[in-house]
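> Pasting the sequence and the predicted model now:
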Amino acid sequence: MTDEVKQRKLEHVKIALEEDVAVPQRANWNDVHFVHQSLPEVNLDAIDMSVEFLGQRLRYPIFISSLTGGHPDVTTINRNLARAAEEYGLALGVGSQRAALVNAEVEGSFAITRQQAPHAFLIANIGAPQLIAQEGHPAFTLEQIQRAISMIGANALAVHLNSLQEATQPEGDRRAVGIASSLQALTKQLPQPVIAKETGAGICREQALLFRSYGIAAIDVGGAGGSSMPALEAMRARSHGNTAAMNLGLLYQNWGIATPIAIVEASSAHVPLIATGGIRTGLDMARALALGATLVGVGLPFLKAASQSYEAVQELLERFIQELKIAMQLSGAASIAQMREVDVVLLGETREWLTVRGFENEIKGLAQRRWRRFQATQPEA
């Protein structure tokens with residue numbers, strides 16, 4: 001099991017860097033439109049992009065998504081990402097720490113993050129399937145989970161919900177009964193906030209409300225639109241000559257709720273949201289924030305940049321920041337709080353989905369925020 005998990009982590013990174021594992025989106029960011037403000041009254045260079053997340057003030061609402069670790073070859077990637085998180089005042093998540101919990105030799109690939117980012121908001125990471133006993137291994141103990149947190153001096157713990165990946169992974173954990181109650185118990189046992197993190201299939205309204213009732217502090221919606229875990233597993237299966245597993249992964253590569261939809265659905269829980277899944281520009285970030293996200297997470301672009309150099313990570317961040325600032329100015333927002341109050345018009349499949357799901361009032365409210373404020377300031381006739 002130890003060597004198997006370690007090798008799988010390396011294969012995941014290699015495939016993500018070399019193959020196209022993006023999911024074909026049914027409803028994408030182009031469904032989200034801003035109402036342009038001709039007189040924004042906002043100076044571009046004076047925009048405040050800081051945001052508060054789980055008690056800590058961050059300089060930017062950009063989250064370096066939970067990516068990797070668990071193999072010595074990826075230590076440099078995490079070093080570059082942690083340096084960026086420290087320099088820019090960002091939140092950073094590590095990949096699943098399962099490998100380090102079963103093999104102490106690879107702890108350094110995770111611990112490097114806190115060494116390089118002594119002040120950053122770091123998020124530890126374990127898998128929801130490991131909260132219960134699986135066919136090949138027992139459930140993680142509370143002591144093991146606490147070790148994952150202390151391994152990086154984490155400010156919070158993400159429990160990643162990857163049932164889609166496990167179901168399409170040849171060696172995946174298939175059991176799910178009992179995870180919900182174990183997750184609820186975990187939130188009561190840990191002093192650190194717990195984040196429910198989807199990994200590419202999105203969060204619906206009902207599940208978001210359930211997470212809130214369990215004591216979850218924040219939700220990472222992890223919507224469809226970015227890297228597809230079934231597609232990644234299909235590529236792994238192909239490299240091992242497992243045609244049946246490859247076809248299974250390809251069949252389910254388009255499964256899930258697109259990220260813009262997941263943000264609106266999960267907003268029903270009224271907890272901080274991290275929007276991840278197919279965010280590739282600062283304009284996408286702006287759209288996510290306007291829909292209700294607290295932070296916007298980016299994965300694959302950071303992974304690729306960090307595998308090249310620290311300078312490549314800086315260049316990517318500077319591009320994101322500039323693109324986001326322009327979208328904020330043109331929407332009349334001088335701060336992230338104001339960005340969540342700008343007018344947004346939803347069209348296409350995003351609007352169709354949300355209408356069918358009963359979000360008509362939310363759709364109308366997003367488009368008429370500024371109009372309602374304008375009406376409130378007008379003198380009575």
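Looks like it came in fine.
> Which element, helix or strand, includes the closest residue to G225 other than its chain neighbours?
Leaving out its chain neighbours, the residue that sits closest to G225 by CB to CB, 6 or more residues apart in numbering is G278, at 2.8 Å. Any C-beta I mention is one placed from the backbone N, CA and C, and that applies to glycine too. Counting by DSSP states H and E, G278 is held by no secondary-structure element, helix or strand.
> Could you verify my assumption that G278 touches D284?
Yes: with contacts defined as CB atoms under 8 Å, G278 counts as touching D284 at a distance of 7.3 Å.
> P260 versus the residue nearest to G225, what's the distance?
Counting by CB to CB, to the nearest Å, the gap from G278 to P260 is 9 Å.
> Touching both of G278 and D284, which residues are there?
Taking CB atoms under 8 Å, 6 or more residues apart in numbering as the contact criterion, the residues that touch both G278 and D284 are W29.
> buried ones in stretch 204-212?
Counting neighbours by 16 or more other CB atoms under 10 Å, one finds that the buried residues in stretch 204-212 are 204-205, 207-212.
> More neighbours: which of G278 and P260?
For G278 versus P260, the count of surrounding residues by other CB atoms under 10 Å is larger for P260: 35 against 24.
> for the stretch 1-150 of the chain, what are the low-confidence residue spans?
By pLDDT under 70, the weakly predicted segments of the stretch 1-150 of the chain are 1-27, 69-70.
> Where strands are concerned, which of the buried residues of stretch 204-212 count?
Judged by DSSP state E, the subset of the buried residues of stretch 204-212 located in strands is empty.
> Between G278 and P260, which contacts overlap?
Residues touching both G278 and P260 (CB under 8 Å, 6+ apart): 28-29, 223.
> Which stretches in this structure count as strands?
Using DSSP E, the strands assigned to the chain run over residues 32-34, 51-53, 56-58, 62-64, 91-93, 121-127, 156-161, 194-198, 218-220, 273-276, 295-298, 344-346.
> quick one, which of those is nearest to A245?
Among the strands of the chain, the nearest to A245 by CB to CB is strand 121-127 (19.2 Å).
> Residues contacting that closest one, please?
Contacts of strand 121-127 from elsewhere in the structure, counted by CB under 8 Å, 6+ apart, are 53-54, 56, 58, 66, 85, 90-98, 101, 113-114, 140, 145, 148-149, 151-160, 162, 173, 195, 197.
> excluding its backbone neighbours, what's nearest the residue positioned nearest the centre of the chain?
Residue closest to the mean C-alpha point of the chain, counted by CA atoms, centre = their mean, is T276 at 3.5 Å. Of all residues beyond its chain neighbours, the one nearest T276 is G297 (3.4 Å), with distances taken as CB to CB, 6+ apart.
> try E341
In this structure, E341 finds its nearest non-sequential neighbour in R369, 5.4 Å apart by CB to CB, 6+ apart.
> cool, and A290?
Nearest in space to A290, with sequence neighbours left out and distances taken as CB to CB, 6+ apart, is V344 at 4.8 Å.
> Who does the one you found form a beta bridge with?
For V344, the beta-bridge partners under DSSP bridges are F34.
> And the helices in the stretch 151-300 of the chain, which stretches?
Per DSSP state H, counting those that start in this stretch, the stretch 151-300 of the chain has helices spanning 163-168, 179-189, 205-213, 229-239, 243-251, 259-266, 282-291, 300-308. These are given in chain order.
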